[in-house]
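Asker: Fold the following and give me the result.
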Amino acid sequence: MSKQRISYLPLEKMDSAMRAEMERCAREGTPRPESSAVRAHVPGAFWSFANSWRDIFHTGICDHAIKELCRLYVSRSVKCEFCGNQRSTKAFNQNLDEAQTDDLINFEKSPKYTDKQKSALAYAEAITWRLETDDAFWDRLHGHYTEPELVELGCFIALTMGQQSWLRLLNIEHHQVMTGTAASMAPGFESAEALAQTKASPEYWAKQEARPKKNAA
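Answerer: Residues are numbered from 1 along each chain as shown. From the prediction side, this is the model:
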């Protein structure tokens with residue numbers, strides 16, 4: 001495993017409120033405790049992310065499952081393995097299934113997504129890959145979402161893209177902080193042993209092409 005670049009702040013150095021949030025991370029996940037333990041070096045960073053994540057991801061006005069698809073799209077695009085190997089149990093207990101994680105990069109051609117889901121993923125794609133947009137792009141989005149929903153979804157995509165682009169560099173891994181829980185882990189990553197075995201497979205998602213395939217003009 002690559003060398004970890006920023007340490008985890010020990011629980012004993014956190015105040016009671018931070019420890020309570022860490023316990024929630026271990027119990028519910030997304031985020032898992034490891035990334036929170038890195039942010040805990042700076043309480044302002046810890047709470048800024050935790051509160052924003054709560055307000056525009058776990059709650060908010062836009063469908064949570066839509067936001068989870070966009071979060072995973074960003075994971076596939078920036079190849080943040082830490083983020084991509086966990087799941088929002090709330091979203092997958094509602095109306096998502098694991099098969100929908102397979103075609104995210106080339107979502108437009110996939111039958112696994114609804115038109116509404118595809119339009120949100122197109123939004124995530126445009127933000128992540130800095131694509132130019134036109135009236136047809138925005139007409140498509142406005143056909144499925146209200147302006148407040150587009151604001152929340154855009155802010156959420158931007159937040160998760162920034163965090164995942166950073167976390168990707170840190171070489172942090174699951175099952176290292178508050179161990180013994182599989183909360184919100186993706187199938188095949190429930191333990192340190194299962195994680196290692198899945199990541200060793202040639203079919204592991206992070207070993208695949210990340211950039212979307214576009215038709216030639």
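Asker: can we go C-alpha only for contacts and neighbour counts from here?
Answerer: Fine.
Asker: quick one: contacts of stretch 88-108?
Answerer: 28-30, 64-65, 68-69, 72-73, 76-77, 110, 112-113, 118, 121, 184, 210-213 (Cα atoms under 8 Å, 6 or more residues apart in numbering).
Asker: ends of it, how far apart?
Answerer: Stretch 88-108 has an end-to-end distance of 23 Å (criterion: Cα to Cα, to the nearest Å).
Asker: again with stretch 31-49
Answerer: End residues of stretch 31-49 are separated by 10 Å (Cα to Cα).
Asker: Any buried residues in the helix or strand bottoming out on mean pLDDT in the chain, and which?
Answerer: When each helix and strand of the chain is scored by mean pLDDT, DSSP states H and E, helix 89-94 comes last, with a mean of 90. By 16 or more other Cα atoms under 10 Å, the buried positions in helix 89-94 come out as T89, K90, A91.
Asker: Tell me how far T198 lies from M18.
Answerer: In terms of Cα to Cα, T198 sits 32 Å off from M18.
Asker: Which one's more surrounded, the two?
Answerer: Remark: of T198 and M18, M18 carries more neighbours, 19 against 16, as counted by other Cα atoms under 10 Å.
Asker: got the contact list for that one?
Answerer: So M18 contacts A40 (Cα under 8 Å, 6+ apart).
Asker: Find the helix or strand that it is a member of.
Answerer: Assigned by DSSP states H and E, M18 belongs to helix 16-28.
Asker: next SSE after that helix?
Answerer: Downstream of helix 16-28 (by DSSP H and E), the next one is helix 33-39.
Asker: So for the residue nearest the centre of the chain, what pLDDT did the model give?
Answerer: A centroid search over the chain (Cα atoms, centre = their mean) returns R71, at 3.7 Å, as the residue closest to the centre. Looking at R71, its pLDDT is 98.
Asker: before we move on, back to that, list the buried residues of the helix holding M18.
Answerer: Neighbour-count burial for helix 16-28 [16+ other Cα under 10 Å]: M18, R19, E21, M22, R24, C25, A26, R27, E28.
Asker: Contacts only, for the closest residue to the last one other than its chain neighbours.
Answerer: Right, E28. Computed as Cα to Cα, 6 or more residues apart in numbering, the closest residue to E28 that is not its neighbour in sequence is A183, at 5.4 Å. By Cα under 8 Å, 6+ apart, the contact set of A183 is A26, R27, E28, G29, R32.
Asker: Turn those into JSON lines, columns for pLDDT.
Answerer: As requested, these are exported to JSON lines (pLDDT from 0 to 100):
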{"residue": "A26", "pLDDT": "95"}
{"residue": "R27", "pLDDT": "94"}
{"residue": "E28", "pLDDT": "93"}
{"residue": "G29", "pLDDT": "94"}
{"residue": "R32", "pLDDT": "97"}
